[in-house]
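> Please find the sequence and the predicted model below.
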Amino acid sequence: MTTVVRILAYSYAADHYDEYIKIGESTVIKCLKAFCNAIVAVYAEKYMRPPNEADIVWLLEEGEQRGFLGMLSSIDCMHWEWKNCQVEWQGTHRGRSGKKTLILEAVASQDLWIWHAFFEMPGSHNDINVLDHSLVFNGIVNGQLPPVNYVVNGHHYRMGYYLSDGIYPKLATLMQTIPHPTTTKEKLFAQRQEAARKDVERAFGVLQIKWAIMQGPILWKYEPDMSDMLSWVNVDIDKDISYEEGLVQILDTREKVLSEDFSQNGYQFDPEEIPELDAKRSKKAYDLA
């Protein structure tokens, strides 16, 4: 367990702890795969899932507060270098940087909830090709996504959308910025859209900062192994968010109870006595002891 977490957190090689932990390289790799598969099997259904009706309402409220009615999340792709790419695949996996990469497409909300991740596309593809193979719109096509209802300028809409950059196609489910804004309204819209769509890029940054194995080139040889490991990383990030939101609810409940007790006894309640936690901005856990 110690070796597995250190490999994920510090991006050490599998044989780095041969003498310290007294465990062989092949055993470390087996433990790493088993650990990732176990975490994904237990928690993926709870955290790596499409949004339900309650999630849709919450995402719409979050988007409305930021000035985007009907916004569900933001979508984008990142490239992950694959050092040990097999020779016969190096041509198809060589990206624009000249390195062999694999592409991760993700949809993330403002609080870094990654509820869609599509992996294993070769690095020679662009975001449009990845979107063509992705399953992100399957819920809409098959009628499985909960209804999304909102009104803008008197028009009723029943389909949400995702914020994206300019490379994505012009679809009803994607909203890009204005490339060359001229008027004040266009400039304001472009500024707000470009700021809000950075949520998914911020999620990529958190993944790379928390788990160093995402920063450098991956050393594994097979794509399914990397896919399992990446799924575990996403599940872990979502678990942290859920834990911190639980602390928010505890603090809010504690503040409410104390406020009622103080008011009933004739005291004036000072909210500053309770640590404040803003889940949508700081995402920091506080000690309740």
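Arrived safely. Numbers count the residues shown, from 1 in each chain.
> Mark out where each domain of this protein begins and ends.
2-44, 48-222 (automatic domain parsing).
> rank these by pLDDT, which is bottom?
In terms of average pLDDT, domain 2-44 trails the rest of those, at a mean of 81.
> Okay, now that domain: how far is its last residue from its first?
22 Å (C-alpha to C-alpha, to the nearest Å).
> could the domains of the chain go into JSON lines alongside mean neighbour count?
Glycine gets a C-beta too; all of them are placed from N, C-alpha and C. Shown next, in JSON lines, are the domains of the chain (neighbours: other C-beta atoms under 10 Å):
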{"stretch": "domain 2-44", "mean neighbour count": "15"}
{"stretch": "domain 48-222", "mean neighbour count": "16"}
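> check which helix or strand covers Leu104.
Here Leu104, judged by DSSP states H and E, is contained in strand 101-108.
> so what strands line up beside that strand?
Strand 101-108 has its sheet partners listed here by DSSP bridges as strand 71-81 (antiparallel), strand 114-122 (antiparallel).
> Now distance to Ile103 too, for those, in TSV please.
Putting these into TSV (distance: least, C-beta to C-beta, whole Å) gives the following:
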stretch	distance to Ile103
strand 71-81	5
strand 114-122	4
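> Out of these, flag the one nearest Ile218.
Among the strands paired with strand 101-108, strand 71-81 comes nearest to Ile218, with 6.3 Å by C-beta to C-beta.
> In this protein, what residue spans correspond to helices?
2-10, 18-21, 25-47, 53-65, 127-133, 138-141, 184-196, 198-210, 223-264 (DSSP state H).
> how close does the most centrally placed residue in the chain sit to Ala13?
For the chain, the residue nearest the mean C-alpha position is Ile114 (2.9 Å; C-alpha atoms, centre = their mean). Counting by C-beta to C-beta, to the nearest Å, the separation of Ile114 from Ala13 is 27 Å.
> for Arg96, same thing?
Using C-beta to C-beta, Arg96 is found at 28 Å from Ala13.
> again, but for Tyr157
Applying C-beta to C-beta to Tyr157 and Ala13 gives a distance of 51 Å.
> Check Lys46 too.
32 Å.
> now swap in Pro122 and tell me
25 Å.
> Then Lys33?
For Lys33, the distance to Ala13 - C-beta to C-beta - is 16 Å.
> Then Met48?
From Met48 to Ala13 the distance is 28 Å (C-beta to C-beta).
> Repeat that for His125.
In terms of C-beta to C-beta, His125 sits 29 Å off from Ala13.
> Please apply the same query to Met175.
With C-beta to C-beta as the criterion, Met175 and Ala13 are 43 Å apart.
> do Gly160 as well
44 Å.
> again with Ile178
Using C-beta to C-beta, Ile178 is found at 47 Å from Ala13.
> ditto for Tyr168
Using C-beta to C-beta, Tyr168 is found at 37 Å from Ala13.
> Then Glu186?
51 Å.
> go on, Asn142?
From Asn142 to Ala13 the distance is 43 Å (C-beta to C-beta).
> Same check on Thr177?
42 Å.
> same deal with Ile218?
12 Å.
> how about Met48, phi and psi?
Backbone torsions for Met48, taken as degrees, to the nearest 10, come to phi -90, psi 80.
> So that it lines up with my notes, have the first residue be 114 from now on.
Right, with 114 as the first residue, what we last looked at is Met161.
> My guess is Tyr274 contacts Thr286. True?
Yes. Using C-beta atoms under 8 Å, Tyr274 is in contact with Thr286, at 5.1 Å.
> Quick check: neighbours shared by these two?
Shared contacts of Tyr274 and Thr286 (C-beta atoms under 8 Å, 6 or more residues apart in numbering): none.
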